[in-house]
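Participant: here you go, sequence then predicted model.
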Amino acid sequence: MSTQSVYRSPSASETVPAIGSVNRAALVGASQSNQGAKRPAIEIRGVSKTFIRGTRAIDDLSLTVHRGDMVALIGPSGSGKSTLLRHINGLTYGDRAETSDDISSIAVMSNYTQQGGKRTTHTQPSRKKIGYIFQQFNLVNRLSVLTNVLVGGLGHMPVWRATLGWFSAAEKSQALTALARVGMAEFCHQRASTLSGGQQQRVAIARALMQKADIILADEPIASLDPVAARVVMQILKDINEHDGKTVVVTLHQVNYATSYCQRVVALKKGKLYFDGPAAELTTNRLGSLYEANEIEELLAGG
């Protein structure tokens, strides 16, 4: 194996049960142990992304997210939040290296997924470790809620079964457990198209649980939801983080949700890292420098 594709971390030294049926203390202890060890889930080093006409979406960005972290990613529109999530998930790649000295890279769960703007042998396998939750839900409307969740497990099935869509009784049971986890089991036989926006987003989270992902990336998951549904979705993500030790990175528009539900806030401005620290340290003055003055009242609403 080429040494270039082997990850070296500078900082490194099955079923999803319903929350009510597990030993919460044991799960929280495991999560805190992971955080204490400070093992990285995501490491980004010197990554830039330039679009057509020279627009720089990400500018020499470096960031580490540790296993068990719940991180809110905030910033003005066009600051690079969604672009960054797509890089982490391997859906797009940074600028190609212009010299041999370019060390830009992204690593997921201790494996490089891109180096110098190029994919690696770990890119595709690492996607199985990441559950991606979109703003627009990305469910198949004509399929049942249960089938939409079962789709999350396709990456763990033999190719022939995945192709035919044959699901075992055990897999269906796992999908129902994931739906129960988000309070959607009673809707399992309904078509996805019959659900409200908040309900669809909860099904999308259940699908990520079915995927058995180590990391959940949620891109503006509450942007189109009413405040009640938004709080339900954020609390579910927080529960998954606290009780399973899953790493969660969520982009948010309303700052109050970021500070209420996330331990850590990362702010981007014009593709650069503007703030990275505890939610309590995100002061009004800092927000005033991050956003336009006329946006602050709207951003602090809700939660």
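Facilitator: Sure thing, it's come through. Quick caveat, the model's predicted, so the values are computed rather than measured.
Participant: show me the contacts for Lys129.
Facilitator: Taking Cβ atoms under 8 Å, 6 or more residues apart in numbering as the criterion, Lys129 is in contact with 108-109, 213-215. For the C-beta atoms, the positions are set from N, CA and C on the backbone; glycine is no exception.
Participant: repeat that for 6 Å
Facilitator: Residues counted as contacts of Lys129 (Cβ atoms under 6 Å, 6 or more residues apart in numbering) are 109, 213-214.
Participant: can you list these in TSV and add pLDDT and secondary structure?
Facilitator: Listed next are the contacts of Lys129 as TSV, based on pLDDT from 0 to 100; DSSP: H, G, I helix; E, B strand; the rest coil:
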residue	pLDDT	secondary structure
Met109	94	coil
Ala213	93	coil
Asp214	95	coil
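Participant: quick one: the strands in the chain?
Facilitator: Listed in chain order, the strands of the chain (DSSP state E) span residues 40-50, 56-66, 70-74, 105-108, 111-115, 118-119, 130-133, 215-219, 247-251, 264-269, 272-278.
Participant: for the stretch 151-300 of the chain, which residues score under the pLDDT cut-off?
Facilitator: For the stretch 151-300 of the chain, the stretches flagged by pLDDT under 70 are 158-160, 162-163, 293-300.
Participant: mind listing the helices in it by residue range?
Facilitator: Counting by DSSP state H, counting those that start in this stretch, the segments of the stretch 151-300 of the chain that form helices are 159-164, 169-181, 197-210, 227-244, 255-261, 284-290, 296-299.
Participant: can I get the fifth one as CSV, trimmed to CA atoms?
Facilitator: What follows is the C-alpha trace of helix 255-261 in CSV, where atoms were taken according to Å, rounded to 0.1, in the frame of the first residue of the first chain:
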residue,chain,number,x,y,z
VAL,A,255,-28.2,30.8,15.8
ASN,A,256,-30.4,30.0,18.8
TYR,A,257,-30.7,26.4,17.7
ALA,A,258,-26.9,26.1,17.4
THR,A,259,-26.3,27.4,20.9
SER,A,260,-29.2,25.4,22.4
TYR,A,261,-28.4,22.0,21.0
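Participant: returning to what we had before: of all the helices of the stretch 151-300 of the chain, which one is nearest Ile130?
Facilitator: helix 197-210 (8.7 Å; Cβ to Cβ).
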